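> pasting the sequence and the predicted model now:
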Amino acid sequence: MSDQYNASILSMLPDGKPPVPGSIEHLVSGLHMIHSVIRRGTESIIRAAPTVTEQNLKEFKEYILSYISNVISHHDHEEEIFFPILKEHFPPSLLTRLQAEHHDLHPSLDALTALVNSWFPSPQNPTPTPYNPQQVIDAVNKIKTLFFPHLEAEEEQCTIEWFRSKGLVKESKDILDKMNAAVRKDSPVFALPFIVFNLRPEERCLILDDMPWPVRKVLVPMVFCKWYSSYWQFAWFNEW
Ligand SMILES: [Fe+2]
């Protein structure tokens, strides 16, 4: 495994500890967290593709669909919450670039969706396409080429120092409150375990600490992450 994808997100925080809820540090580490999940999710598909067999192809398809829905949901949250609140503070050319890149990525996500759906028969697809790992790797590499520089550009702009220098304390809290409300609408058995299993165990506090104790300690590990447990075998860190 590459160190780049194993490096702990907590190490970016000033004291290496979980941030104060609602703070600038919480927002910036949350952005890095979801970006790391997306990067590891992308790499995990490339890593798993050559090992997939007919026996676990259905699970691999569902894992990839969960990846795609997490990317789309992350973009929706940025476009509906993050960008509007920060638009007066971002350099205008950067905002235009980031929005255009979201738009440009969608045909590649659609192509990956079509590929995984082509493996199984349906009324629209009576003759399934045989599984070919190289097709998955090529489709995901195309997403990676477009998407990873985009994630880096957002991170270069949205540093803890930049938020502090602009005095964006209220805006950070506002974004976090709205993001938390939006994330609660995502599927707890599909979207949430994808995030959890692409985080290191010690990083999971970044997403779990906001939840009430019975959800964090019981529902997430014993119900939500178990429901479709066979899908998460492909995740970067696939153990609880
Ligand atoms: Fe983005």
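Perfect, thanks for sending it. Just so it is clear, the structure is predicted and the values come from calculations on it, not from any experiment. Numbers count the residues shown, from 1 in each chain.
> what residues are up against the most centrally placed residue in the chain?
Note on the chain: the residue nearest the mean C-alpha position is residue 38, at 3.7 Å, using CA atoms, centre = their mean. Taking CB atoms under 8 Å, 6 or more residues apart in numbering as the contact definition, residue 38 lies against 70-71, 74, 147, 151. (Each C-beta comes from the backbone N, C-alpha and C, glycine too.)
> also residue 140?
42, 45-46, 49, 112.
> so which of those residues is the most crowded?
In terms of neighbours by other CB atoms under 10 Å, the contacts of residue 140 top out with residue 45 at 24 neighbours.
> dump the residue contacts of the nearest residue to residue 207 once chain neighbours are set aside.
Computed as CB to CB, 6 or more residues apart in numbering, the closest residue to residue 207 that is not its neighbour in sequence is residue 195, at 6.0 Å. Neighbouring residues of residue 195 by CB under 8 Å, 6+ apart: 34, 37, 70, 207.
> what helix or strand does residue 143 sit in?
Per DSSP states H and E: residue 143 is located in helix 133-157.
> now that helix: buried residues?
For helix 133-157, a neighbour-count test (16 or more other CB atoms under 10 Å) marks 135-137, 139-140, 142-144, 147, 150-151, 154, 157 as buried.
> ok so, going back, make JSON lines out of the contacts of residue 140 and add pLDDT, secondary structure and distance to residue 165.
Shown next, in JSON lines, are these (pLDDT from 0 to 100; DSSP: H, G, I helix; E, B strand; the rest coil; distance: CB to CB, whole Å):
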{"residue": "42", "pLDDT": "97", "secondary structure": "helix", "distance to residue 165": "31"}
{"residue": "45", "pLDDT": "98", "secondary structure": "helix", "distance to residue 165": "37"}
{"residue": "46", "pLDDT": "97", "secondary structure": "helix", "distance to residue 165": "37"}
{"residue": "49", "pLDDT": "98", "secondary structure": "helix", "distance to residue 165": "43"}
{"residue": "112", "pLDDT": "98", "secondary structure": "helix", "distance to residue 165": "39"}
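> re the thing from before, turn the contacts of residue 195 into CSV, columns for secondary structure and distance to residue 173.
Converted to CSV, the contacts of residue 195 look like this (DSSP: H, G, I helix; E, B strand; the rest coil; distance: CB to CB, whole Å):
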residue, secondary structure, distance to residue 173
34, helix, 18
37, helix, 22
70, helix, 24
207, helix, 18
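> backbone phi and psi for the residue nearest to the centre of the chain, please?
Backbone torsions for residue 38, taken as degrees, to the nearest 10, come to phi -70, psi -40.
> check residue 125 too.
According to degrees, to the nearest 10, residue 125 has phi -140, psi 70.
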